[in-house]
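Colleague: I'll drop the sequence and a predicted model, then ask my questions.
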Amino acid sequence: MDKREDFLPPDDEIVLDDRDIRESETELDEDDRLRPEFVSDVLALAEAGEHEAARERVGRLHPADIADLFELLSDEDRPLFASVLGDLLSPDVLAEMNEHVREQLIDLLAPEQVAEIASELDTDDAVAIIEDMEADEQQAVLQAMEPEDRAAIEDALSFPEESAGRLMQREFVAVPEHVTVGDVIDRLREDQDLTSDFWEIFIVDPMHRPVGTCQLSWILRTPRDIAIGDVMKREQTLIPVDMDQEEVALRFQKYALISAAVVDKAGRLVGMITVDDVVHVIQEEAGEDILRLSGAGDGDINEPIRETYSARVRWLIANLGTALVASTIVAIFGGAIEHMVALAALMPIVAGVGGNAGTQTLAVTVRALAMNQLTDSNSWRAVWREMKIALLNGGTIALIAGTATALWFANPGLGGVIAAAMIVNIFVAGVAGVAIPLFLDRLDQDPAVASSIFVTMTTDSMGFLAFLGLAVASGLTSL
């Protein structure tokens with residue numbers, strides 16, 4: 001066996017590598033973000049025709065940082081920079097890139113170039129590049145791929161978007177139960193076609209159904225003559241191929257998985273999902289729910305303006321319609337407001353506090369539904385809990401608002417009216433914030449999409465109705 005020293009570079013090369021590492025660290029700030037000066041410098045080099053200097057500086061970056069660099073550039077600068085970098089714009093860089101930026105760069109490449117890039121990636125990353133292409137462009141890329149790669153991509157595209165079938169890798173290691181640990185080690189060393197990134201192998205029966213898993217650390221520490229079936233762990237978490245990626249992420253989180261087998265409807269092993277893929281899913285789904293609550297669409301600063309406009313304006317139009325309900329209630333009490341102008345000054349306070357209370361409850365409820373913490377078995381308990389919290393919050397805010405109003409306007413009656421309205425509206429906000437998303441979830445509708453509009457309409461309308469109605473009923477003013 002060769003000595004370890006034979007694999008070490010000369011001392012001067014080690015010093016050079018360390019220097020390169022230190023230099024690459026200066027391109028990033030303390031939060032691992034590219035420094036603005038670095039972005040400006042490499043762009044200036046590219047525009048000045050000093051391509052080798054630009055490539056030398058960018059070449060020290062990690063593929064994820066190169067992807068970030070492209071995202072920081074303007075739409076006009078990206079094509080130039082892509083031509084300057086050449087092969088530095090590698091498959092790994094494209095896999096890390098924002099989808100809107102990646103689409104723009106992919107459009108600049110010939111189908112043969114896209115096919116070559118996709119062939120070098122794991123199936124899940126290749127699918128992420130190809131799935132958003134136009135149908136004719138997608139077909140051209142698939143035709144340019146090797147038959148084996150094309151079959152894997154086409155199979156992945158046959159599954160629904162955001163499903164385990166789209167997310168999984170088709171490159172995995174599976175062995176029969178009767179082989180020995182030595183047989184497994186020999187295969188891992190000799191088979192050059194095996195995937196290089198995995199943490200465990202899957203043990204399958206003659207029908208290719210997974211019966212267990214074995215971590216690499218167990219294999220390395222077990223004598224060669226022991227059967228792999230005696231080492232493997234039979235308990236495993238299997239992922240159905242059509243499971244939604246959000247459910248996949250929840251299983252990884254719940255059972256602390258590093259990787260998991262994906263099975264088809266017949267229970268046969270067809271792929272695996274690893275934790276690095278799930279991290280991206282968790283990030284996407286969490287951000288997606290927050291943005292849906294606000295009606296902001298994808299919320300991606302690299303998204304084309306037309307798509308962002310289309311996503312946002314329809315929710316603003318819907319919000320305009322629901323706002324008419326609240327304005328109608330105000331119009332009904334127009335005479336009362338004319339007789340007592342103080343009502344107009346206090347109305348926004350009632351509606352605003354109620355809206356915030358509803359948003360708090362709504363955010364907690366949507367998150368609980370997304371995390372499977374809120375189900376049929378505990379939904380009523382959640383409703384009662386929010387009702388109690390709403391009463392406590394309402395009582396506290398009512399005491400503060402009522403006292404301040406009575407002192408400011410020297411009108412105890414008006415203070416009592418706003419206090420009562422606060423209690424009513426915050427209570428209604430709490431109930432609406434939990435009941436509306438639960439109702440939408442029971443209808444198999446995404447509670448993050450439309451809940452906020454209905455909750456806002458409810459709190460505004462009930463706030464105005466309670467405040468103005470109590471003012472009239474108490475005799476403070478009249479219609």
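Modeller: Ah, there it is.
Colleague: and this protein, what are its domains?
Modeller: For the chain, whose domains are defined here by automatic domain parsing, the residue ranges read 4-163, 174-294, 305-473.
Colleague: rank the ones you listed by mean pLDDT and give me the bottom one.
Modeller: Mean pLDDT values for the domains of the chain show the minimum at domain 4-163, a mean of 81.
Colleague: report the distance from it to the chain centre.
Modeller: Chain-centre distance of domain 4-163: 21 Å, with C-alpha atoms, centre = their mean, to the nearest Å.
Colleague: for stretch 175-188, same thing?
Modeller: For stretch 175-188, the distance to the chain centre is 38 Å (C-alpha atoms, centre = their mean).
Colleague: what's in contact with it?
Modeller: Residues from elsewhere that reach stretch 175-188 (C-beta atoms under 8 Å, 6 or more residues apart in numbering): 173, 194, 201-206, 211-212, 214, 219-220, 222-229, 231-232. For the C-beta atoms, the positions are set from N, CA and C on the backbone; glycine is no exception.
Colleague: what about it, start to end distance?
Modeller: 11 Å (C-alpha to C-alpha, to the nearest Å).
Colleague: mind listing what's buried along that stretch?
Modeller: Across stretch 175-188, burial judged by 16 or more other C-beta atoms under 10 Å covers 175, 180-181, 183-184.
Colleague: including secondary structure and distance to residue 460, could the residues you listed go into JSON lines?
Modeller: Formatted as JSON lines, the buried residues of stretch 175-188 follow (DSSP: H, G, I helix; E, B strand; the rest coil; distance: C-beta to C-beta, whole Å):
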{"residue": "175", "secondary structure": "strand", "distance to residue 460": "63"}
{"residue": "180", "secondary structure": "strand", "distance to residue 460": "71"}
{"residue": "181", "secondary structure": "helix", "distance to residue 460": "68"}
{"residue": "183", "secondary structure": "helix", "distance to residue 460": "70"}
{"residue": "184", "secondary structure": "helix", "distance to residue 460": "65"}
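Colleague: ok, of the residues you listed, which one's closest to residue 261?
Modeller: Minimum distance to residue 261 across these is 13.0 Å, recorded for residue 175 (C-beta to C-beta).
Colleague: state the distance from that closest one to residue 304.
Modeller: 47 Å (C-beta to C-beta, to the nearest Å).
Colleague: next: residue 384.
Modeller: 46 Å.
Colleague: with respect to burial, which of the domains of the chain scores highest?
Modeller: Counting by mean count of other C-beta atoms under 10 Å, domain 305-473 has the highest mean neighbour count of the domains of the chain, with a mean of 18.
Colleague: how far does that one stretch from one end to the other?
Modeller: Terminal residues of domain 305-473 lie 50 Å apart, using C-alpha to C-alpha.
Colleague: can you pull out the strands in this structure?
Modeller: With DSSP state E as the criterion, the chain has strands at 174-176, 200-204, 210-215, 238-240, 259-263, 269-274.
Colleague: could the ones you listed go into TSV alongside distance to residue 121?
Modeller: Shown next, in TSV, are the strands of the chain (distance: least, C-beta to C-beta, whole Å):
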stretch	distance to residue 121
strand 174-176	21
strand 200-204	22
strand 210-215	25
strand 238-240	21
strand 259-263	18
strand 269-274	14
